[in-house]
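# Give me a model of this one.
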Amino acid sequence: MNAMRTVVIDDTTLRDGEQSAGVAFSLEEKIDIATRLAKLGVPELEVGIPAMGAEERESIRILASLKLPARLLVWARMKSEDIQQCAGLGVPMADLSVPASDQQIQRKLGKDRRWVLANIRRCVAQARDLGLQVGVGFEDASRADPDFLLQAAQTAQAAGARRIRYADTVGIMEPFGVHAAISRLRDGLDVEIEMHAHDDLGLATANTLAAALAGATHLNTTVNGLGERAGNAALEEVVLGLRQLYRIETGVDLKKFPALSALVENASGEPLGWRKSLVGKRVFSHEAGIHVDGLLKDPANYQGVDPAAVGRRHTLVLGKHSGRQGVIQAYAQLGIALEKRQADRLLAEVRQFAVRERRSPDDRELADLYRTLPQHSSSPAQAETVLGERPQEVASHRLAVAA
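Predicted structure coming up:
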C-alpha cells in the first residue's frame, strides 16, 4: 500500500475528449466544463490544439483569462509552425507530440530515428525560447522499441523538457506491460512521467492505475472516458480507483461529479450506457430480493463502491427478481405501511407487471396495484399521498446519501 502518495490528474476532455468523432464543444460548454473540472480539484487541464486555427486559439485565451485554479496545457505536433502557435495564449505549458514507434516514424512521417532525436532537441529548445514549459508526448510509445523510447526520453530531458508522456495511442497495452514500461522509464529519467491510455481493449483505467503504481507522476483522463475510438481512461474511474485500491490521492473530489458527467454527455452528444461504471443510470440500482434485503440491513453487505463518493445513491428497482422487503420499502416511500400478507400479494402483482410491461411500475401504478387489494388495513387515502414525490433514490435512513 502507498500511504499519503499523490499523483497529478491532467484531464484532456477538452482536447482528446473533443477529438472523438462528431464531438465539437461550444465556447460556453468549454468554459463550463473547465470551470467544473477545476472546482472538483483537477489540477491540470489540456485545453486545446492551437494549430487548429484562430477560433481555437481564441477559446484557449479565454479559458486562460478565467484564471482557474488549474494549470492549463495545450497540445501540438512537434513542428516549428505548430509550436509557434502555442505562444501568447496565456498557457504556460505545451505537450509536443512526436511518434516513437518505427511504424509511425517510417510509415507516417517517412523519417528515421535519428531525425526524431534531432527534432526533439530542436523543438524543445524552440518552445522553451518562447517561454513555454515543455512536455514531450511520445505517440505510439506502446509499440516503440523500449531502448529507443528510453533514448528519446533522455534526449527530451537533456533538451530541457520537464515531462514525457507515454501514449498507448492505439490501446494495445495491458497492466503488467505498462508497469514494466513505466518502471524502466522511471529508472532512467529524472523528469515527470505522464500516462496516456486509450480504451480499445477496455483496459485504459487498469493501465493508468498500473502506470501510477510504477511511478508515473501524471495521468491523462477524460470525463466519462470520452475520447477517440473507444475513448480514454475515465476521470472518475481513475480517481476513485487510485484512492480505494491503493490509497493514492489526486486531490479531486467527485461528490459533485454527476453534474459534470451529464454536462459532457449532453455537450458531446454521446449518451452513456446504463451500466457505465460509476456514472451509468443503473450502476447503483438493485432489484434482486436477496440484494435489496441485504442493503436495507447494512449497505456494506452489497456495496463495493460507496455511491456517495461520486455523488450518487443506491436505487431500489421493483421487478421480476424483487423480494418482499423491496416492495415494503417502495410502498413505505409512498407513505403506505404494508402488512406481510399485503406485501406478498403485491409482490406477485409487481412481478407480473414487470414481466408484462418490461419495466418497473411507477408511483401511480404502485398505488393502483395497492387499491386492487381485496382488503387493506391502511386508509385508501394513503395511496394518494406523496404520489409523484417518491424519490428515485432509496429513502431509507441507512441508504440515503445527499447528492
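
# what about the stretch 51-200 of the chain, any weak spots by pLDDT?
Judged against pLDDT under 70, the stretch 51-200 of the chain has no low-scoring part.

# can you pull out the helices in it?
Secondary structure of the stretch 51-200 of the chain, counting by DSSP state H, counting those that start in this stretch: helices at 54-65, 80-84, 102-107, 113-129, 146-159, 175-188.

# Output the contacting helices and strands for the longest one.
By that I understand helix 113-129. The criterion is 3 or more C-beta pairs under 8 Å, 6 or more residues apart in numbering; DSSP states H and E, and the helices and strands that helix 113-129 contacts are helix 80-84, strand 93-99, helix 102-107, strand 133-139, helix 146-159. All C-beta spots, glycine's among them, are computed from the backbone N, C-alpha and C.

# outside of the shortest one, which residues touch it?
So the one you mean is helix 80-84. For helix 80-84, the external contacting residues (C-beta atoms under 8 Å, 6 or more residues apart in numbering) are Pro50, Ala51, Ala76, Ala94, Leu96, Arg122, Cys123, Gln126, Ala127, Leu130, Leu132.

# May I have the beta-bridge partners of Arg71?
Per DSSP bridges, the residues bridged to Arg71 are Glu44.

# how about Ala211, what does it touch?
Going by C-beta under 8 Å, 6+ apart, the list of residues near Ala211 reads Tyr166, Val178, His179, Ile182, Ile193, Met195, Ala197, Leu219.

# let's see 7 Å
If you count contacts by C-beta atoms under 7 Å, 6 or more residues apart in numbering, Ala211 has them with Val178, Ile182, Met195, Leu219.

# which of the residues you listed lies closest to Phe257?
The closest of the contacts of Ala211 to Phe257 turns out to be Leu219 (C-beta to C-beta; 16.5 Å).

# pLDDT averaged over the helix or strand hosting that closest one - what is it?
Under the criterion of DSSP states H and E, Leu219 resides in strand 218-221. Summarised as a single mean, pLDDT over strand 218-221 is 98.

# Can you spell out which helices and strands pack onto it?
strand 8-11, strand 192-197, helix 204-214, helix 235-246 (3 or more C-beta pairs under 7 Å, 6 or more residues apart in numbering; DSSP states H and E).

# quick one: Gly311 from Phe284, how far?
With the distance defined as C-beta to C-beta, to the nearest Å, Gly311 ends up 11 Å from Phe284.

# An error on my part: the question was meant for Val134.
From Val134 over to Phe284 (counting by C-beta to C-beta), the distance is 42 Å.

# Which one's more surrounded, the two?
Applying other C-beta atoms under 10 Å to Val134 and Phe284 shows that Val134 carries more neighbours, namely 26 against 22.

# If I follow the layout properly, that one ends up in contact with Cys123?
No: Val134 lies out of contact with Cys123 (C-beta atoms under 7 Å); the separation is 8.4 Å.

# what sits in contact with each of those two?
Leu96.

# Next, the contact list for the closest residue to Gly202 other than its chain neighbours, please.
Spatially, and ignoring its direct neighbours in sequence, Gly202 is nearest to Ala230 (7.4 Å; C-beta to C-beta, 6 or more residues apart in numbering). Residues in contact with Ala230 (C-beta under 7 Å, 6+ apart) are Gly171, His198, Asp199, Asp200.

# what about stretch 193-202, start to end distance?
Terminal residues of stretch 193-202 are spaced 22 Å apart (C-alpha to C-alpha, to the nearest Å).

# Give the buried residues for it.
Ile193, Glu194, Met195, His196, Ala197, His198, Asp199, Asp200 (16 or more other C-beta atoms under 10 Å).

# can you list contacts of it?
By C-beta under 7 Å, 6+ apart, the residues outside stretch 193-202 that reach it are 10, 135, 163-172, 182, 185-186, 204, 207-208, 211, 215-220, 225, 227, 229-233.

# what comes into contact with stretch 341-355?
With C-beta under 7 Å, 6+ apart as the contact definition, stretch 341-355 has outside contacts at 318-320, 322, 324, 327-328, 338, 360-361, 369-370, 373, 376.

# Any idea how far that stretch is from the middle of the chain?
39 Å (C-alpha atoms, centre = their mean, to the nearest Å).

# got the buried residues for it?
For stretch 341-355, a neighbour-count test (16+ other C-beta under 10 Å) marks Gln342, Ala343, Arg345, Leu346, Leu347, Glu349, Val350, Arg351, Phe353, Ala354 as buried.

# cool, stretch 360-377 as well?
By neighbour count with 16+ other C-beta under 10 Å, stretch 360-377 contains the buried residues Ser360, Pro361, Asp363, Glu365, Leu366, Ala367, Leu369, Tyr370, Leu373, His376.

# Report the two members of the residues you listed separated by the largest distance.
Comparing all pairs in those by C-beta to C-beta, the longest separation belongs to Ser360 and His376, at 21.4 Å.

# Stretch 282-300: end-to-end distance?
Distance across stretch 282-300, first residue to last, is 18 Å (C-alpha to C-alpha).

# now stretch 351-362
Terminal residues of stretch 351-362 are spaced 13 Å apart (C-alpha to C-alpha).
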